[in-house]
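Enquirer: Give me a model of this one.
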Amino acid sequence: MAVVARSTVVKKASSKNFPAPDQRAPLLAELRRHKMARTAYDYVRGGARRFYAWLDSQPPGALPDGPPVWICGDCHLGNLGPVADAAGHVAVQIRDLDQCVIGNPVHDLLRLGLSLATAARSADLPGVITSCMAEALIDGYQQAFDDTRSNETKRAQRPAVVQVAMKRALHQSWRKLGRQTIDGAAPYIPLGKRFWPLSEEEAQAVRSLFAPQSDLAMAEVLGPATTGDAKIEVLDAAFWVKGCSSLGRRRYAVLLDIDRECSAGGPPCLVDIKEAATAAAPAHAGAPMPRDNAKRVAEGARHVTPRLGDRMRAARLNGAAVVIRQLMPQDLKFDADRLTEADAVKAAHFLALVIGQAHAQQMDASTRKAWLGDLQASWPKSIKAPSWLWRSMVELTVANEAEYLEHCRRYAVDRRGDQVR
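Expert: Presented below is the predicted three-dimensional model:
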């Protein structure tokens, strides 16, 4: 497997002053603060650590303690969406596993509940909708573990917010992906707000990942069509200013030409290299997880979202643990702005079912049955949602709103101070 690098990997961006690698951190931190100040929902996206701080404050026995399985760990609305396998087949699954650990599956359900409740508030939906969403959440989640409802699961209807995303995913092409992600169909990455140039050291490290002597199995990352004899040409690479909670970590976009397919008019291969950090989600005591954060993310992805995990591999880049993932045109996230009153409850049920299936596929039949029994036994049948779920959603939503407003206040004060200075 040969590797070639074009001169575009390191650009001399004379038209704009881009930060050097050692100058990026404060700029990215400020951008993260700005993103989290936009809406309460955006604040939730970047608040995984605060979510788990709240969980840690709960007394023992306040929440069900489910069987230890790999969980998403940051199960908010933006981390679910259409995901394609290597063959391009699409299904709605978890699409971001940075926080995945072997832990309590209830944590994913609560994080999704907080995300949906906050999205409903941001969309100015009435409180009764949030109450109905709580009922739909627990019903959809339990459905994944109930073998008697298998036919119901097969007939599960996708709500409008899911249908829109799926329609976009199924019609997405590499050329469209180029326009939306790379801002052009040409095999280069234009520098700007989202992409910054690499230093020579970074560019060399990226090229080394795809070199023949690399320990990384490119055939596993780039698909079965990529054999050991494949020629991989690094077309371009850039620092990727992307995400919310991950802003501040190293992240790179890389364009590859596999066996000159791109030179012949085909699409380039887009690869995402993302630094893996320590998870905020608490792991089950004694859980057999890799100590290396990148290996933990890749291993968790293979259990929670196999069609995504099969496209991810752990590696080292300049001493940092990174996850390398081939991006597919169909990989999209849900748009919380599309949540409507008529669709919110259906979305809660459907997405809870998706989370439940991700957990259930890791359990044997007896474990699934026992976990379903624990869930059903924890609340009376006279109400449609357990008190622990409703109480948690309310407390988390209230706490998030207060923290969000305080974040906005500090952000506004700091901006005024900068303007005065």
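Enquirer: measure the spatially most central residue of the chain to residue 124 for me?
Expert: Centroid-nearest residue in the chain, with CA atoms, centre = their mean: residue 96, separated by 2.2 Å. Distance, residue 96 to residue 124, using CB to CB, to the nearest Å: 27 Å. Bear in mind the C-beta positions are built from the backbone N, C-alpha and C, glycine included.
Enquirer: Check residue 358 too.
Expert: Distance from residue 358 to residue 124, by CB to CB: 31 Å.
Enquirer: And those two? Which one has more around it.
Expert: Taking neighbours as other CB atoms under 10 Å, residue 358 and residue 124 compare with residue 358 leading, 24 against 7.
Enquirer: Quick check: closest non-adjacent residue to the more buried one.
Expert: residue 304 (4.9 Å; CB to CB, 6 or more residues apart in numbering).
Enquirer: so that neighbour sits right up against residue 97, yeah?
Expert: Yes - using CB atoms under 8 Å, residue 304 makes contact with residue 97 at a distance of 6.2 Å.
Enquirer: Need the overlap of contacts for those two.
Expert: Residues touching both residue 304 and residue 97 (CB atoms under 8 Å, 6 or more residues apart in numbering): residue 72.
Enquirer: Among the two, which residue is more densely surrounded?
Expert: residue 97 (30 against 25).
Enquirer: Where does the closest residue to the more buried one other than its chain neighbours fall, secondary structure wise?
Expert: Counting by CB to CB, 6+ apart, residue 97 lies nearest to residue 301, which is 4.4 Å off, once chain neighbours are set aside. Using DSSP states H and E, residue 301 sits within helix 293-304.
Enquirer: and that helix, what's its mean pLDDT?
Expert: Helix 293-304 carries an average pLDDT of 94.
Enquirer: Identify the residues contacting stretch 106-115?
Expert: Here stretch 106-115 has contacts from 41, 44-45, 48, 51-52, 55, 63-66, 71-78, 80, 133-134, 137-138, 141, 281-282, 348, 351-352, 355, 358-359, 389, 392-393, 396-397, 400, using CB under 8 Å, 6+ apart.
Enquirer: Over to stretch 146-153?
Expert: Contacts of stretch 146-153 (CB under 8 Å, 6+ apart): 143, 144, 353, 365, 368, 369, 372.
Enquirer: okay, now the domains of the protein?
Expert: The record's domain parsing of the chain by automatic domain parsing lists 1-33+184-329, 39-172+335-421.
Enquirer: Mean pLDDT lowest where, among these?
Expert: Mean pLDDT, when computed for each of the domains of the chain, is lowest for domain 1-33+184-329, at a mean of 80.
Enquirer: Nearest residue to the residue nearest to the centre of the chain in space, ignoring adjacent ones along the chain?
Expert: Residue 96 sits nearest to residue 79 (CB to CB, 6+ apart), 4.1 Å away.
Enquirer: where along the chain do the strands fall?
Expert: Here the chain has its strands, by DSSP state E, at 3-5, 69-71, 80-84, 90-94, 101-103, 195-196, 232-240, 251-258, 269-275, 312-317, 320-326.
Enquirer: Show me what the longest helix along the chain is packed against.
Expert: Longest helix in the chain, counting residues (DSSP state H): helix 387-420. Packing partners of helix 387-420 (3 or more CB pairs under 8 Å, 6 or more residues apart in numbering; DSSP states H and E): helix 24-36, helix 40-45, helix 48-56, helix 106-122, helix 127-143.
Enquirer: Show me the one of those that comes nearest residue 380.
Expert: Nearest to residue 380, of all the helices and strands packed on helix 387-420, is helix 127-143, at 13.0 Å by CB to CB.
Enquirer: Check which residues of that closest one are buried.
Expert: For helix 127-143, the neighbour count (16 or more other CB atoms under 10 Å) marks 129-143 as buried.
Enquirer: Same question for stretch 49-66.
Expert: Here stretch 49-66 shows 50, 51, 52, 54, 55, 63, 64, 66 as buried, counting by 16+ other CB under 10 Å.
Enquirer: Now do stretch 278-297: distance to the chain's middle.
Expert: Centre-to-centre, stretch 278-297 and its host chain are 17 Å apart (CA atoms, centre = their mean, to the nearest Å).
Enquirer: and the residue nearest to the centre of the chain, what does it touch?
Expert: Contacts of residue 96 (CB under 8 Å, 6+ apart): 72, 74, 78, 79.
Enquirer: got a winner among those for most neighbours?
Expert: residue 72 (31 neighbours).
Enquirer: Need phi/psi at it.
Expert: Per-residue torsions, residue 72: phi -60, psi -50 (degrees, to the nearest 10).
Enquirer: Could you report the distance from the spatially closest residue to it that is not a sequence neighbour to residue 115?
Expert: The shortest distance from residue 72 to any non-neighbouring residue, by CB to CB, 6+ apart, is to residue 94 (4.8 Å). Distance of residue 94 to residue 115, given as CB to CB: 13 Å.
Enquirer: For those two, list the residues in contact with both.
Expert: By CB under 8 Å, 6+ apart, residue 94 and residue 115 have these common neighbours: residue 75.
Enquirer: Count the neighbours of residue 283 for me.
Expert: Counted with other CB under 10 Å, residue 283 comes out at 17.
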